[in-house]
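A.B. asks: model this:
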Amino acid sequence: MKTLKILFVVGMIVLAISIIAAHAPATQAPSPEQTKLNPEEYLVSVGMRQVRNVIRDPDSFQITDAVVVPDGIGCIDYRYRNGVDSMNAGKAVVLPDGTVRIQEQDGDTFVTLWNKECAGVAGKDVTSSVQTALGVLK
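C.D. replies: Down below sits the predicted model:
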């Protein structure tokens, strides 16, 4: 009987959290027009915002190189502070549909994608505009 009561209480807590989360206002990124970015720069900026928001120390996130290749794919090198207070380097690919692939999470899939789309491919350097946009997209 005691177990049943505990399960009931836990279930009610989960239900309450779900209801609160469902009614919480969603934070939405500004539109490309509001940020004064071209569509490719905007896409890369929003993708990097996603990456920044999942790392341990988002305030330490730094874009070191961001390039948009001719087919609209963003290839990004970045740095961030890890849990032992040292800086890690990372890479990400932002696809034209908004999908973000991260070196640390996507393993071999990422390596194949990076080698095909980014390695040795010339593109437009958007590092400065993406760094500026990330300040706006906090």
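A.B. asks: all contacts plus neighbour counts: C-alpha atoms, from now on.
C.D. replies: Fine.
A.B. asks: Residue 44: how many residues sit nearby?
C.D. replies: Other residues within reach of residue 44, judged by other Cα atoms under 10 Å, total 32.
A.B. asks: What does the pLDDT read for residue 110?
C.D. replies: Note on residue 110: pLDDT of 90.
A.B. asks: got the contact list for it?
C.D. replies: 93, 101, 102, 103 (Cα atoms under 8 Å, 6 or more residues apart in numbering).
A.B. asks: Would you mark the buried spots in the helix or strand where it lies?
C.D. replies: Assessed by DSSP states H and E, residue 110 sits inside helix 103-117. Residues of helix 103-117 classed as buried: 103, 110, 111, 113, 114, 117 (neighbour count, 16 or more other Cα atoms under 10 Å).
A.B. asks: Also stretch 38-57?
C.D. replies: So, applying 16+ other Cα under 10 Å, buried residues of stretch 38-57: 40, 41, 42, 43, 44, 45, 46, 47, 48, 49, 51, 52.
A.B. asks: Nearest residue to residue 77 in space, please, no chain neighbours.
C.D. replies: residue 91 (4.5 Å; Cα to Cα, 6 or more residues apart in numbering).
A.B. asks: Please apply the same query to residue 55.
C.D. replies: Closest to residue 55 by Cα to Cα, 6+ apart is residue 80, at 7.7 Å.
A.B. asks: Can you pull the phi and psi angles for that neighbour?
C.D. replies: Per-residue torsions, residue 80: phi -160, psi 150 (degrees, to the nearest 10).
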